[in-house]
Every structure is written in structure tokens, then in C-alpha cells.
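1. Give me coordinates for this.
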Amino acid sequence: MREVAVIRLLQGRLAWYPAGANDGPQWLDQPQAQDTLRAVLQQRKLTPLFAVPAADVRLLELQIAAEERRHLDKSLPFILEEDLAEDVAELHFSHCAQGQLNYAVAVCARQSMQQYAEALDEYPGVSQWLPEPLLLPWQEGEWCVVLEQETAIVRSGDCAGFGAEKTMLPMLLQALQGGSGDPEAIIVYGDEQEADTQLIPAALRDRIQWRSGDFYSAMLIAEAPRAALNLRQGEWAVRLPLQRWWQQWRNVAALFAAAVAIHLLSTWIDYRQLSEENLALRGAVQETFRKAIPRGAVVDPEKQLRQQLGLLSGSAQSSGFISMLARTGKVVADGKGSIISINYSDKAAEMRLNLLAANYESVERIRAGLAESGLQATLENSSAQGDQVRARLRVGEGS
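-> Down below sits the predicted model:
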């Protein structure tokens, strides 16, 4: 664990260990140490890590039922309620899986968590809060003990350990011995070998391996935790610094919002103006169309007016219609018939005549006369209407 910047709370003062800190911790109530740590965090040279004081954390190992795993975040306080003297409402619970149904649990007072958060507020990016005992080196069959001034930190298992005053250490180690059995070796880090050895129960002193060093010295040879029991869970979980981002960008956001609002307002004004102009133009077109063609449906005014203009100006289609109408009218008049109605189709270039004649012979003479004039006339139907005959003819240019 050499690539970390360890921050600790020692005797109520915040301190940190630079990489290879042979001179001990640097106290963060001194400006130079503060600037150095901020530079390290900003450059991301080291991973920041807060070592939660061992005396403030209780470590437990828990085995749960399979159905409890899904709701463990909510049910954990109630599962451990009988094992804790404090009110669970005043405690913070963190956990991490060690196996399918085995979990490591850390319990810490909510008040202490709030104090840590306030102390570290000036140093953003410290996302890992790990208990001090779990940062010490450990392997199966060993205990690791770090002695510092008036305190002792002990790691006795994968997720087991505690912190206490030195005077309480012999009694606590005897209780630990009775609960988990004798260790094969006890690794002790301290400053005075003889005095440190006296703190270990007499029955275990032959297993002591004393080493000169402090907490940071021991941590340097420790491996990273197999499953990191990070106390930053739940309401203390790492979140995006939205408030800080808002403070930095709120002026830009306000300007952007104002620009968007002005653009939308301008677009709406243009749209309303163009809509009014469109309605006025459509009204003018309607009025002009009605002056030329008072009756009939208005579908495509421009196309309809062009068709009428073509008829009046003598286009090829209108000329054909007029010629056909003239020849047809002459033949019908000579045959002593009268035209009731005419329907003309531009596409087919043919007319449909509804005419009234004296008899069927007159209808036939009219049809024959149309053929003689170069037109092709087909009798579609005929019927008697009183003393006269009503007939429908389809008339087109001869082939």
C-alpha cells in the first residue's frame, strides 16, 4: 500500500503521511502541510485514504441467510441490535461481502462520521474511509499490534481488530485469546521493545516478533484489503459535487438560459407574424379567385385560374373543345335535336352529350352527322321521354 496518501486523526488533530514518510506525519493545522496535501490530491499522484480511528469503529463478521441479502442495507441495524449497547438510530453501518453469505461489518457513531466529514471537507476526493486495524498487515495465525504513545491498534483477523488505550491492552488480548485461541505469532510495532513486550500477556510473550516502527511503517508492508470495508456508504457515500459545480457555473447557466429564452421569444414573434401574413395572403387569394370564379369549390386557386385562363386564351385544349362544340352544335341543330347538357374531359379530349330528339331516327341521324363531320360518336344509352327521345352520346375526335 505504497501508492496512498494516508490521512489520520491523531489526538484530535488531522495529519497525513506523505509517501515514504520517515519523519512521521505532517500536521494539517500547518499551512505548508495543507498546501502539500492539496497539491498531491489535485495532481492525483497518490490515492487519498482516511484511516478511521480504531477506537471509534467496531468490526464484526456476520453470516446471513440468502433471503436477507437483498435487503441487507435496511435490515443490518436490526440484525445487530441485540449485540450493540448503543441505540442503532445513532449508529452508522457499513458492510462488504467476504463470501456469498459472509459479510464484514463496521459500526461507527453517526456523530463521529459527521466530525470526519467536517474535518475532511477542505480536501475533496478522499473517497475511501477504512478502519485503522484493516490497514495493518495480517495473515492467518498472526496478530498485528501497533503501539503509539497512549494507544494501541490490534488486527487479529481478516475483518477483526480494535483500538484501545495501552493500559487496557493486556486485558483485551487475554479476552481475545480466550475467544479465538492462541496465535502462532504476534507482530508488535513500537519504539521501546522492553516496555512494549510487557504489554503482551506473559503466556504469549514467547511468540512476539518486535519491530521498530509506527502505524505507517506497518501499513507500508500490508497488502490492499481483499474487500475494502469503506465507511463511505449510505448517506455518506461519495456523490457528485453538484453544489460546487453550481457555484462555479451558475453565471454561465443564467446567461445561457437568458439567451435561449430570448431566442425562443424571437422565434415565437416571427412565427406569429408569418402566420398573420399567411392568413392575409390566403384571404386575398380567396377574394381574387372569387372575383374571377364566383362559384365552385376552391381547391388549388392557381391551377384552377390557369385552366380558366387557358380556356379563354385559346390554348390547344380549349381550341379543340370549341371546335368540337361548334361542329357538334351544328349537327344537332340540323338533326332537329336540342342539347340538354355537356360534360367535357380535357384528359380524354371527349364530350358527353345529353340531348333531346323527336324520335330514335333523329338520334341516329345526329350520330351519323357527327361521324360525317369527322367526329366519333358512340350511343351510350337512350330512353323515351314523353313524345321525344332522350339520348346520351360520347363524342370524340375521329381516329
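
2. switch to C-alpha atoms for all contacts and neighbour counts from now on
-> OK.

3. May I have the beta-bridge partners of Val52?
-> Pro131 (DSSP bridges).

4. how many neighbours does the residue lying closest to Glu184 once chain neighbours are set aside have?
-> Sequence neighbours aside, Gly141 is the residue nearest to Glu184 in space, at 5.3 Å (criterion: CA to CA, 6 or more residues apart in numbering). When neighbours are defined as other CA atoms under 10 Å, Gly141 has 13 of them.

5. Quick one: neighbours of Gly179, just the number.
-> Neighbours of Gly179 using other CA under 10 Å come to 9.

6. So for the helix or strand hosting it, what gets flagged as buried?
-> If you go by DSSP states H and E, Gly179 is part of helix 169-180. Of the residues in helix 169-180, Leu169, Leu172, Leu173, Gln174 count as buried by neighbour count, 16 or more other CA atoms under 10 Å.

7. can you check stretch 186-199 too?
-> Ile186, Ile187, Val188, Tyr189, Gly190, Asp191, Asp196, Thr197, Leu199.

8. cool, and stretch 111-131?
-> So stretch 111-131, judged by 16+ other CA under 10 Å, has buried residues Ser112, Met113, Tyr116, Gly125, Val126, Ser127, Gln128, Trp129, Leu130, Pro131.

9. about what we covered before: how close does the residue nearest to Glu184 get to Ile186?
-> 9 Å (CA to CA, to the nearest Å).

10. Then Arg290?
-> 109 Å.

11. And for Ile221?
-> From Ile221 to Ile186 the distance is 16 Å (CA to CA).

12. before we move on, what about Ala297?
-> Taking CA to CA, one finds Ala297 at 105 Å from Ile186.

13. Also Gln307?
-> Distance from Gln307 to Ile186, by CA to CA: 110 Å.

14. And for Ser112?
-> 30 Å.

15. go on, Leu46?
-> 31 Å.

16. Ok, Thr167 next?
-> 18 Å.

17. can you check Ala254 too?
-> In terms of CA to CA, Ala254 sits 63 Å off from Ile186.

18. Tell me the gap between the longest helix seen in the chain and the middle of its chain.
-> Assignment by DSSP state H gives helix 242-292 as the longest helix of the chain. Here the centre of helix 242-292 is set off from its chain's centre by 29 Å, with CA atoms, centre = their mean, to the nearest Å.

19. who are the neighbours in contact with the residue nearest to Glu184?
-> Going by CA atoms under 8 Å, 6 or more residues apart in numbering, Gly141 touches Pro183, Glu184, Ala185.

20. so where do the strands sit in the stretch 51-200 of the chain?
-> 57-63, 91-97, 102-109, 129-131, 142-148, 151-157, 160-165, 185-190 (DSSP state E, counting those that start in this stretch).

21. Those: which one's closest to Gly234?
-> strand 91-97 (8.0 Å; CA to CA).

22. Enumerate residues external to that closest one that contact any of its residues.
-> 76-77, 103-110, 113, 227-233.

23. Rounded mean pLDDT for stretch 62-77, please.
-> For stretch 62-77, the mean pLDDT works out to 86.

24. meant to ask about stretch 362-379
-> Stretch 362-379 shows a mean pLDDT of 86.

25. how about it: buried residues?
-> For stretch 362-379, by 16+ other CA under 10 Å, it's Ser362, Val363, Arg365, Ile366, Arg367, Ala368, Gly369, Leu370, Ala371, Leu375, Gln376, Ala377.

26. just stretch 283-299 next, same as before
-> Phe289.

27. What's the end-to-end length of that stretch?
-> Stretch 283-299 has its terminal residues 14 Å apart, counting by CA to CA.

28. got it, and stretch 54-70?
-> The first and final residues of stretch 54-70 sit 29 Å from each other (CA to CA).

29. Same check on stretch 38-47?
-> Using CA to CA, the two ends of stretch 38-47 sit 12 Å apart.

30. With stretch 203-218 instead?
-> In stretch 203-218, first residue to last residue: 24 Å (CA to CA).

31. List the contacts of it.
-> Under CA under 8 Å, 6+ apart, the answer for stretch 203-218 is 17, 21, 136-137, 146-148, 182, 184-193, 197.

32. re earlier: let's have the buried residues of stretch 362-379 in JSON lines, adding distance to Phe215 and secondary structure.
-> As requested, these are exported to JSON lines (distance: CA to CA, whole Å; DSSP: H, G, I helix; E, B strand; the rest coil):
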{"residue": "Ser362", "distance to Phe215": "129", "secondary structure": "helix"}
{"residue": "Val363", "distance to Phe215": "126", "secondary structure": "helix"}
{"residue": "Arg365", "distance to Phe215": "129", "secondary structure": "helix"}
{"residue": "Ile366", "distance to Phe215": "126", "secondary structure": "helix"}
{"residue": "Arg367", "distance to Phe215": "123", "secondary structure": "helix"}
{"residue": "Ala368", "distance to Phe215": "126", "secondary structure": "helix"}
{"residue": "Gly369", "distance to Phe215": "126", "secondary structure": "helix"}
{"residue": "Leu370", "distance to Phe215": "123", "secondary structure": "helix"}
{"residue": "Ala371", "distance to Phe215": "123", "secondary structure": "helix"}
{"residue": "Leu375", "distance to Phe215": "119", "secondary structure": "strand"}
{"residue": "Gln376", "distance to Phe215": "117", "secondary structure": "strand"}
{"residue": "Ala377", "distance to Phe215": "118", "secondary structure": "strand"}
